[in-house]
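Visitor: Requesting a structural model of the entry that follows:
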Amino acid sequence: MPPTVCKALPYSSIHFPVCESTHRWALDNLRVLVSNHGLSSTRPVRVSTDSQTRGVGQPIKNQTLAGEFKTWANSSGNVFVTFVFPWLQRKMDSVVNLPQVASVAIVQTLQKIGVDSKVKWVNDVMVNGKKIAGVLCNATGYRLPSTDSNEEFTAVLVSVGLNVKSTPTLEASEFQPITSIADELQQSDVEASAVLDLLSIELYRTMGIFESRGFDSIHSALEQILIGQGTLVSIQQPAISPTSSSCDKLPNDEIFGKFIGLCPKSGSLLLKTVNSDTPVEVIGGRIRRGTIRRVIRKQNLARSSAIARILSADKLVSFDEFNESDREAEEGSNFGGPHESWLSSFTHTRAQIRQIVG
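Guide: This next block holds a predicted model:
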């Protein structure tokens, strides 16, 4: 069936009843979007579908757009959409923040519907520890027609999967609790089309603010909805800012520290570690929580020396923070997702640990 074209929104909107992937379709049809649907330096395009048969998730093992991606098994009745925005070539460095911008727009959309949500860094939107939405963004390098001879614009893709009526499933290896708007509101009459239009307007507004004012314009709003700020975390397969402090990695390409916030200029995660005088700036990776036991085990050190190294010298955490992280590890907390159970006990008693960390 041919797509439906809607012109009521600030986008040229294309809708398919069924599509393998809106992200892949948009990427493969940028020339068509320009020639047939008005994509330009002043006009974005929205590509949506009622049902995806092979949705695209995050790249596997830090692959590029041409590499391999995680796939979703998608259910109908949800929001599956890719927004194609014009972006100034001279501002391409800021494209790295688009997932965060989109996450803020999703949270604000859900708030208007009556669902309280948070952001798990970098760009997973969560409700009570369960994932409700995800974002995938890419710069395409495709140059767009422009009436401004002094500026060059290229197309960037912002794809959103938002569970409205049902809960799609990830590959078994990526399992985590999932929810939907219908589940949270206990209502079955929520329409994906209405949610899509609300999200489209909110994203258009947020992208406009970000484009004109930079990341600092959304920094405060994002920090208020971040999960895990102020807690101990590990970052798997971390991408460290080239201007950041150096830090020791654990086996399996992992770093450990206290998540103290976001850089107001770049949006990088700021991680306080025991062997760095200034916060380490992390620009990508997979965040996990409740990791003290994992760190001790992976370092393959005596438990006492590992605890002393991680917790003592610069007071990385207080005893209360250690106690809370230890409890969460016992309960299997991973920002709401299950993970392996850690070592069940330490040789140090609580009193001894209290003496170490003060």
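Visitor: longest strand in this protein, by residue count?
Guide: Ranked by number of residues, the top strand in the chain under DSSP state E is strand 130-144.
Visitor: List the buried residues in that strand.
Guide: 130, 131, 132, 133, 134, 135, 136, 137, 138, 140, 142, 144 (16 or more other C-beta atoms under 10 Å). (Glycine included, C-beta is placed from N, CA and C.)
Visitor: Can you tell me which helices and strands that strand packs against?
Guide: On a contact count with 3 or more C-beta pairs under 8 Å, 6 or more residues apart in numbering; DSSP states H and E, strand 130-144 meets helix 22-28, helix 30-37, strand 55-59, helix 98-113, strand 124-127, strand 153-162.
Visitor: Out of the ones you listed, which gets the lowest mean score?
Guide: Ranked by mean pLDDT, the helices and strands packed on strand 130-144 bottom out at strand 55-59, which scores a mean of 60.
Visitor: May I have the longest strand of the chain as CSV, with CA atoms only?
Guide: The C-alpha coordinates for strand 130-144 follow below in CSV (Å, rounded to 0.1, in the frame of the first residue of the first chain):
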residue,chain,number,x,y,z
LYS,A,130,10.9,-0.4,32.9
LYS,A,131,11.8,0.7,29.5
ILE,A,132,9.1,2.6,27.6
ALA,A,133,11.0,4.2,24.7
GLY,A,134,14.4,4.2,22.9
VAL,A,135,16.1,6.5,20.5
LEU,A,136,18.6,6.0,17.6
CYS,A,137,20.2,9.0,15.9
ASN,A,138,22.6,9.3,12.9
ALA,A,139,24.2,11.9,10.8
THR,A,140,23.9,10.9,7.1
GLY,A,141,26.3,13.3,5.4
TYR,A,142,23.6,13.8,2.7
ARG,A,143,23.6,17.4,1.6
LEU,A,144,20.2,19.2,1.4
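Visitor: Of the buried residues of strand 130-144, which is the nearest to residue 50?
Guide: residue 133 (17.1 Å; C-beta to C-beta).
Visitor: Can you read off the pLDDT for that closest one?
Guide: Here, the pLDDT recorded for residue 133 equals 95.
Visitor: Return the residues in contact with it.
Guide: 106, 110, 117, 124, 125, 160, 161, 162, 163 (C-beta atoms under 8 Å, 6 or more residues apart in numbering).
Visitor: Residue 150 now?
Guide: Shown in contact with residue 150 (C-beta under 8 Å, 6+ apart): no residues.
Visitor: Assign it to helix, strand or coil.
Guide: When classified by DSSP: H, G, I helix; E, B strand; the rest coil, residue 150 comes out as coil.
Visitor: same question, residue 258
Guide: strand.
Visitor: Quick check: beta-bridge partners of it?
Guide: Going by DSSP bridges, residue 258 is paired in beta bridges with residue 232, residue 272.
Visitor: how much space between it and residue 103?
Guide: Between residue 258 and residue 103 the distance, using C-beta to C-beta, to the nearest Å, works out to 22 Å.
Visitor: Which one's more surrounded, the two?
Guide: Taking other C-beta atoms under 10 Å, residue 258 and residue 103 do not tie; residue 103 has more neighbours (28 against 18).
Visitor: I'd say the more buried one and residue 222 touch.
Guide: Yes. Between residue 103 and residue 222 there is a contact under C-beta atoms under 8 Å: 7.4 Å.
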